[in-house]
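*Asks:* Pasted the sequence and its predicted model underneath.
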Amino acid sequence: MINANKTNRNTIPLQIPTSWTPEQAFAVFELIDELRDAIWRCYALQLQEEYRNDFQQRAAKHDPIDPDDLPF
């Protein structure tokens, strides 16, 4: 998965208007929720694999403190 802090040259920054009515915001929220569900239905196995790979990479980078070398 792409880190949110990395810039992708093929995308544009997303600006959310602050002038939406609550109804407009809710409609957009529902659309995004439905889009998420549709993507999950199509790509569930691939997304699970990506989540697993991402978790494993993060776990491999994690450097726990050695309990035999505590700073106190």
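*Replies:* Cool, got the structure. Residues are numbered from 1 along each chain as shown.
*Asks:* Would you map the helices across this protein?
*Replies:* Assigned by DSSP state H, the chain shows helices spanning 22-61.
*Asks:* Any regions of it where pLDDT drops low?
*Replies:* Scanning the chain with the threshold set as pLDDT under 70 gives 1-8, 63, 66-67, 70-72.
*Asks:* Kindly recompute the last result at 90.
*Replies:* 1-14, 55-72 (pLDDT under 90).
*Asks:* How much space separates residue 21 from residue 52?
*Replies:* 40 Å (CB to CB, to the nearest Å). For every residue, glycine as well, the C-beta is placed using N, CA and C.
*Asks:* ugh, wrong one, I meant residue 65
*Replies:* Between residue 65 and residue 52 the distance, using CB to CB, works out to 26 Å.
*Asks:* and what of residue 20?
*Replies:* Using CB to CB, residue 20 is found at 36 Å from residue 52.
*Asks:* how about residue 20, phi and psi?
*Replies:* When read as degrees, to the nearest 10, the backbone of residue 20 gives phi -60, psi 150.
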